[in-house]
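[1] Got a predicted structure here, sequence first:
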Amino acid sequence: MTMTAQPQSQVTAHEPKVTVHLKIKRYNPEVDTRPHWEEYEVQMSPGDRVLDALHQVKWTIDGTLSFRRSCAHGVCGSDAVVINGQNMLACVNLIRNVGTHLTIEPIRGLPVIKDLVVDMEPFFAQYRSILPYLIAHDDPGYKERLQSPEDRERFDDTTKCILCACCTTSCPVYWANDSYVGPAAIVNAHRFIFDSRDQAAAERLDILNQKSGVWRCRTAFNCTEACPRGISVTKSIEEVKRAILYDRV
Ligand code: SF4
Ligand code: SF4
Ligand code: FES
């Protein structure tokens, strides 16, 4: 059954509204034995984001719909979902770009808690495993740890990660084997391995040289395509592989 809602006066612009059809995978572990699809129609402006359409459903049709979001501006990384088969942030994709017929599912490879909300803990456990913080054993005293612009540039790309999990949950190797550390953890290891101020590159490379580390990557590029921050994920994985092979960062 398709449920409909009248537009609210909130949201954007003066563009004519369009009817957006949403087909959303629903699952409530308290009442459902398996996931099922529900369909909704909402009136939205083409300049609205998919997140606005989800809010419209929740606020005007079915308050039980569950999804995560916080910043609504592509910064916190909490609203990654699969939209028409592709991992995306619901808050940065406009209706005019994704179309008016949307199939929305939770990201894959992580346990579903309810509807579009997944348990991110396995993802964050992989992230924590690569020591995602600056490790420096010497005491700089009251001086700063200086770094040249060239040295800063080496890991600039991987500083942009917002831990949304779009990459890891689009990786076929991760789907098949969740012990694989995954592209997001490798990106965040890269961010410190190539930081000239850090002194634990060897430790991280040892971790990533294990069975669950970088060698599981088959260079399929799904991760790079999925990254909403435009990070060259596969390139950073290759750089980590080379650092292990040549024992040099
Ligand atoms: S390049 Fe590697 S990490 Fe990225 S999706 Fe492919 S197998 Fe997964
Ligand atoms: S590398 Fe990109 S896709 Fe992966 S977690 Fe970071 S921001 Fe998200
Ligand atoms: S809600 Fe924060 S990135 Fe989308």
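    Arrived safely. Ligands and ions are numbered 1, 2, ... in the order given.

[2] from here on, contacts and neighbour counts on C-alpha atoms
    Will do.

[3] what residues does this protein put near ligand 2?
    161-167, 184, 187, 226-229, 231, 233 (C-alpha under 6 Å from any ligand atom).

[4] Just the buried residues of these.
    By neighbour count, with 16 or more other C-alpha atoms under 10 Å, these hold 161-167, 184, 187, 226-229, 231, 233 as buried.

[5] remind me, longest helix of this structure?
    helix 233-246 (DSSP state H).

[6] Outline the domain layout of the protein.
    2-118, 121-246 (automatic domain parsing).

[7] Turn those into CSV, including mean pLDDT.
    Listed next are these as CSV, based on pLDDT from 0 to 100:
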stretch, mean pLDDT
domain 2-118, 92
domain 121-246, 96
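
[8] Can you report how many residues lie near residue 71?
    Neighbour count of residue 71, defined by other C-alpha atoms under 10 Å: 11.

[9] for it, helix, strand, or coil?
    Following DSSP: H, G, I helix; E, B strand; the rest coil, the label given to residue 71 is coil.

[10] Can you list phi and psi of it for me?
    For residue 71, the backbone dihedrals (degrees, to the nearest 10) come out as phi -70, psi -30.

[11] tell me which element residue 151 is part of?
    Assigned by DSSP states H and E, residue 151 falls within helix 149-153.

[12] Which is the succeeding secondary structure element to that helix?
    helix 172-176.

[13] Just the C-alphas of that next one, formatted as CSV.
    Extracted as CSV, the C-alpha positions of helix 172-176 are listed here (Å, rounded to 0.1, in the frame of the first residue of the first chain):
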residue,chain,number,x,y,z
PRO,A,172,32.5,-7.0,-1.9
VAL,A,173,35.5,-8.4,0.1
TYR,A,174,34.1,-6.9,3.3
TRP,A,175,30.6,-8.4,2.6
ALA,A,176,32.2,-11.8,2.1
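
[14] Please identify the buried residues of it?
    So, applying 16+ other C-alpha under 10 Å, buried residues of helix 172-176: 172-175.

[15] Find the nearest non-adjacent residue to the most centrally placed residue in the chain, please.
    Geometric centre of the chain, nearest residue: residue 164, 2.4 Å, by C-alpha atoms, centre = their mean. The shortest distance from residue 164 to any non-neighbouring residue, by C-alpha to C-alpha, 6 or more residues apart in numbering, is to residue 77 (4.1 Å).
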